[in-house]
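Peer 1: fold the following and give me the result.
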Amino acid sequence: MTRRQPRLVFLTTAAERQMRRWIARRGGAHAATHGSTRNGGQGFGAPAAGVLLHLADYPGATIGEVTTALQASPAGTSGLLARMEHADLVRRRTDPDDRRTVRLDLTPAGTAALDDVRAALAELNDRLTDGFSPDELAVVARWLEHVTRTLA
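Peer 2: Below is the predicted model of the structure:
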């Protein structure tokens with residue numbers, strides 16, 4: 001009897017969907033805890049968390065740089081940034097050397113949300129890696145990196 005291959009595409013897609021939902025639930029909890037009603041109390045999801053993390057590492061990044069980092073469409077990023085700006089998580093500023101370029105920075109509220117994002121992701125990482133050896137996790141990481149490179 002031939003052993004059936006695991007349904008890796010389905011499993012990866014399902015896992016990604018569950019991780020996004022988990023992050024969104026945590027972002028909603030952030031909104032409730034911090035009284036964030038400027039964005040309808042919806043909190044933030046995985047893409048917004050990605051923006052916060054990117055701007056923490058690259059303050060003053062351009063909208064194009066954020067779009068590339070998120071692997072998102074310009075239109076999708078534009079809408080996300082508008083919502084995040086309305087929620088006072090990020091602010092736009094004109095580049096002093098090139099007035100056509102818009103740069104992004106975290107606001108104090110964005111920095112506070114970033115702390116929650118980092119804590120949530122640490123918790124998620126702990127939950128996802130529980131019960132796996134470092135060798136097993138290295139194989140998973142190598143496979144995911146391979147998928148990313150192969151499909152880029």
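
Peer 1: contact partners for residue 70?
Peer 2: Listed by Cβ atoms under 8 Å, 6 or more residues apart in numbering, the contact set of residue 70 reads 47, 50, 51, 54, 77. (C-beta placed from N, C-alpha, C; glycine too.)

Peer 1: of those residues, just the buried ones, ChimeraX syntax please.
Peer 2: Buried members of the contacts of residue 70 can be picked out in ChimeraX with the line below, counting by 16 or more other Cβ atoms under 10 Å:
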select :47,50,51,54,77
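
Peer 1: just give me the closest of the contacts of residue 70 to residue 149.
Peer 2: Proximity of the contacts of residue 70 to residue 149 (Cβ to Cβ) peaks at residue 50, which lies at 19.5 Å.

Peer 1: of all the helices and strands in the protein, which has the lowest average confidence?
Peer 2: Within the chain, confidence by mean pLDDT, DSSP states H and E is lowest for helix 8-33 among all helices and strands, at a mean of 82.

Peer 1: gap between that one and the chain center?
Peer 2: Here the centre of mass of C-alpha atoms in helix 8-33, compared against the chain's by Cα atoms, centre = their mean, to the nearest Å, lies 10 Å away.

Peer 1: which residues sit against the helix or strand just after it?
Peer 2: Going down the chain from helix 8-33, the next helix or strand is helix 46-57, by DSSP states H and E. Residues outside helix 46-57 that contact it (Cβ under 8 Å, 6+ apart) are 19-20, 23-24, 27, 44, 61, 65-66, 69-70, 72, 76, 80-81, 83-84, 89-90, 104-106, 110-111, 113-114, 117-118, 120-121.

Peer 1: quick check: angle from helix 46-57 to helix 8-33?
Peer 2: For helix 46-57 against helix 8-33, the angle by axes from the mean of the first three to the mean of the last three Cα atoms, to 10 degrees is 70 degrees.

Peer 1: so for helix 46-57, mean pLDDT?
Peer 2: The pLDDT scores in helix 46-57 average 95.
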